[in-house]
Structure formats: C-alpha cells, structure tokens
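S.K.: next comes the sequence, and after it the predicted model I'd like to discuss.
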Number of protein chains: 2
Amino acid sequence: VQVVWYTAMSMDGRIADARGRLDFLETIAGRDEALAEFPKFLSGVDGVLLGATTLRWLLDGGHGWPHDDLPTWLLSHDDGLLERVGATRASFRQTSGALAPVLDEIAAAGVSRLWIAGGGNVAAQALALDRIDEVIVTIAPTVLGAGPALFDGDTGPSRTFALEECRALAGNAARLRWVRR
Amino acid sequence: VQVVWYTAMSMDGRIADARGRLDFLETIAGRDEALAEFPKFLSGVDGVLLGATTLRWLLDGGHGWPHDDLPTWLLSHDDGLLERVGATRASFRQTSGALAPVLDEIAAAGVSRLWIAGGGNVAAQALALDRIDEVIVTIAPTVLGAGPALFDGDTGPSRTFALEECRALAGNAARLRWVRR
C-alpha cells in the first residue's frame, strides 16, 4: 500500500493552531480554488488512516466522519470514539496497537493508496517505519508560531525525499509534493 | 528599515534539529548550487540582527562571526558573548531590551535592508511587532520531527503574506518567498 500524508500547514509547519483550530486556512484568499485540489486527491485514494486527535476535532465540530465512504482505520485507545462515529457506509475499524501491523492489515484489505488524514503524530510514526511514500502539503500564507507540527515526534533515521512539485496556487498558497526516494 | 527573515528549514518547519545542528542541510543534493543563492541575498543586505542561540552555535562550532563586515546587532543578556566575538570590521552591538527600540536604532543607523540571521524566537518577536517585511526560506527535502521552528513563540495577531516566489532549486530543495501585505 502506498501511504500519502496529505494536509495543509502554515508557513512555519503547523497543521493547526495552539488550540487545534484550522482557522489559519482562511488566509488562503482564493481558498475555494486552492482547496478544489482536494477532491481530485480524494478520488485517487481508497483508504484512510487517522489518529484520535484528528477524529475528535471533527466530531467536536459536529462534522461526523466526512469520508465514511472510504474504508477507515482509527489509531486510538479511546473506546468512546467509535460509538460517536456511529454507522458508516464503508468499514470503520479501530486499533490501538503498533502501526506496522496496522499498515499490513490495510494492505491485506486491498487498499492500494492510503491517505493519512492526520495528525502529525501518526505521520511521524509512519515515517519512523519508513512507510511514508508521498507528502503533499498546501502551505497557507500565514504564521502560527505554535501548534501541532507536520511531523510530531520521533521520526527515526533521517530520510531524504525527492521534490516532485513546487507551485503557487490561488490566494498565495503554495503546493509542495515530495515522494520517497 | 526593511526586515528579512532568511533561513533554511526542513519539510516540517524546523530550522535545526533537536540538538541545534544543521546537518539536515546535507540532504540538499545539489547543496552548493542551492546555497549559491545565499551570497546574492547577502550582497543586498546592509545590517544583521541575531539572537544568542544562533551566535552561540556559530561560536561553539569555531566559526566566529562570519559576517563581521556588516553592522550587527545581537539580542542577548549574555555578556560573555561579545567578548567571544572579539574584534569585528563593522560595528557589533549587543542589546538586551525590547525589540521595537532596537529596530528603531537600526533604522536610525542607516540600515535599509536588515537580515534576521536567527533564530525563530527573534523572528517571532519581530512578527509580533508586525515588523517582518519578507520571509525567504529554502526547504530541504527531509523531516526533523523536532527542533526549533521557523517562528518560535508568540507571533501576535494573525497576519497574511503574499507569496512572491515558489520554485524548485537544485537537489530537491524548494525556495519560497513571502512578502508583507
């Protein structure tokens, strides 16, 4: 399974502000145009992996799990989360163990392109296992100074990526895409 | 005085690793070509502002102060640092007060384009005062997971920049330049 970490961050590498909010994305002036890239990306993935913080943020905002048409794996010890998600169209599985066997399970389930939907700690765990194939980031034209980082925690030995894309999007946003070497 | 924060960072917005080292820059394959942009930048500035951590790192590495031909302002309470710098060709002044009057002093000294040479905390203080005119960042194709951030600490009210440059450099590095709106 190809693993992709796709997200947005501030100029200083924060994927949310210190209170976990995504308001900084509003600094992208042509936000709709810049974020229109997302459905294109989404149509190319067939599975999602996310952590408790990301899911909790969605649920607290009353969003539910917006991608319930995709097989989803939740990395969390919190048993109450699954109940809050409720019924989903595709499978929604919770696991609290190590990431390596989870990625094997995801591959065995037939997922070919997996989206890590958050957060930076899940991405860091995957990178520590050398299982990040692609990093796609939209950089908003603002600074946060604090907040969860794009990769948060021990990322293991240093790894070098190839820069495949570097271009300006609408509204002063930048799109960078790196792939595994 | 025009204030420019020019530096290099990892994909996840760290300007040094958790131990303060810059080894991550070696992941830029065509490092010499990518870093050749630096002298061009340097020839356009006529003053430097830096913090104690950045200077200490240079001195500990046996580098001395490599830009002693430029009038320099050091933000630090550590009186021993000035002694370690020794004789300089241009003026080298230490100050431990608030940043706003220091920037006024720099302007009064006739500096027209000031380089913030580090670190992220000095940049954060300047941004909190809305005194950052330009941010120029070279992104190396690697992840650090921890370490000092591009802007470190309270950056004040949210500000939006204009993205003026977004291009691939040699060796999988990316160059981004934002200017004040």
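M.R.: Nice, thanks for sending it over.

S.K.: only C-alpha atoms from now on, for both contacts and neighbour counts.
M.R.: Will do.

S.K.: chain B contacts on chain A?
M.R.: In this structure, chain A approaches chain B at residues A:11-14, A:27, A:124, A:141-146, A:149-155, A:158-163, A:165-168, A:172-174, A:178, judged by Cα under 8 Å from any Cα of the partner chain.

S.K.: which ones among these lie within helices?
M.R.: A:Ala124 (DSSP state H).

S.K.: what's the PyMOL line that selects buried ones from the residues of chain A next to chain B?
M.R.: Per 16 or more other Cα atoms under 10 Å in any protein chain shown, the buried members of the residues of chain A next to chain B correspond to this PyMOL selection:
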select buried, chain A and resi 11+12+13+14+27+124+141+142+143+144+145+146+149+150+151+152+153+155+159+160+161+162+163+165+166+167+168+172+173+174+178
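
S.K.: which strands and helices sit next to the stretch of helix or strand A:Ala117 belongs to?
M.R.: Using DSSP states H and E, A:Ala117 sits within strand A:113-118. Judged by 3 or more Cα pairs under 8 Å, 6 or more residues apart in numbering or on different chains; DSSP states H and E, strand A:113-118 is in contact with strand A:2-9, strand A:47-51.

S.K.: please work out which of these is packed deepest.
M.R.: strand A:47-51 (a mean of 24; mean count of other Cα atoms under 10 Å in any protein chain shown).

S.K.: partner strands of that one and their direction?
M.R.: Strand A:47-51 pairs in its sheet with strand A:72-75 (parallel), strand A:113-118 (parallel), by DSSP bridges.

S.K.: identify whichever of the ones you listed lies nearest to B:Ala107.
M.R.: strand A:113-118 (44.1 Å; Cα to Cα).

S.K.: list the buried residues in the closest one.
M.R.: Within strand A:113-118, the residues that count as buried by 16+ other Cα under 10 Å are A:113-118.

S.K.: and for stretch A:32-43?
M.R.: A:34-35, A:42.

S.K.: for these, give me JSON lines that also has secondary structure, pLDDT and distance to A:Gly51.
M.R.: Shown next, in JSON lines, are the buried residues of stretch A:32-43 (DSSP: H, G, I helix; E, B strand; the rest coil; pLDDT from 0 to 100; distance: Cα to Cα, whole Å):
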{"residue": "A:Ala34", "secondary structure": "helix", "pLDDT": "72", "distance to A:Gly51": "25"}
{"residue": "A:Leu35", "secondary structure": "helix", "pLDDT": "75", "distance to A:Gly51": "22"}
{"residue": "A:Leu42", "secondary structure": "helix", "pLDDT": "95", "distance to A:Gly51": "18"}
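
S.K.: ok, these vs chain B, which is closest?
M.R.: A:Ala34 (13.5 Å; Cα to the nearest Cα).

S.K.: let me see the contact set for the closest one.
M.R.: A:28, A:169-171, A:173 (Cα atoms under 8 Å, 6 or more residues apart in numbering or on different chains).

S.K.: can you rerun that using 10 Å?
M.R.: The contact partners of A:Ala34, by Cα atoms under 10 Å, 6 or more residues apart in numbering or on different chains, come to A:28, A:138, A:140, A:168-175.

S.K.: what of A:Ser158?
M.R.: Contacts of A:Ser158 by Cα under 10 Å, 6+ apart are A:127-128, A:130, B:23-24, B:27, B:142-145.

S.K.: thinking A:Arg21 is in contact with A:Arg56, fair?
M.R.: No: the pair A:Arg21 / A:Arg56 is not scored as a contact, 11.9 Å apart, by Cα atoms under 10 Å.

S.K.: of those two, give the one with the bigger neighbour count.
M.R.: A:Arg56 (17 against 13; other Cα atoms under 10 Å in any protein chain shown).

S.K.: list the buried residues for the helix or strand encompassing that one?
M.R.: Using DSSP H and E, A:Arg56 maps to helix A:52-60. Under the neighbour-count criterion of 16+ other Cα under 10 Å, helix A:52-60 has A:52-56, A:59 buried.

S.K.: redo those as CSV? Include pLDDT.
M.R.: Formatted as CSV, these follow (pLDDT from 0 to 100):
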residue, pLDDT
A:Ala52, 95
A:Thr53, 92
A:Thr54, 92
A:Leu55, 94
A:Arg56, 93
A:Leu59, 92
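
S.K.: just to revisit the earlier point, could you redo the strands paired with strand A:47-51 as JSON lines and give each row mean pLDDT and distance to B:Leu81?
M.R.: Below are those laid out as JSON lines (pLDDT from 0 to 100; distance: least, Cα to Cα, whole Å):
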{"stretch": "strand A:72-75", "mean pLDDT": "98", "distance to B:Leu81": "48"}
{"stretch": "strand A:113-118", "mean pLDDT": "97", "distance to B:Leu81": "43"}
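
S.K.: need those in TSV with distance to B:Pro101, can you?
M.R.: As requested, these are exported to TSV (distance: least, Cα to Cα, whole Å):
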stretch	distance to B:Pro101
strand A:72-75	50
strand A:113-118	42
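
S.K.: does anything pack onto the helix or strand where A:Leu82 lies? Which helices or strands?
M.R.: Secondary-structure assignment from DSSP H and E places A:Leu82 in helix A:80-85. For helix A:80-85, the elements it packs on are helix A:52-60, strand A:92-95, judged by 3 or more Cα pairs under 10 Å, 6 or more residues apart in numbering or on different chains; DSSP states H and E.

S.K.: now the last one: average pLDDT?
M.R.: Within the predicted structure, the mean pLDDT of strand A:92-95 is 96.
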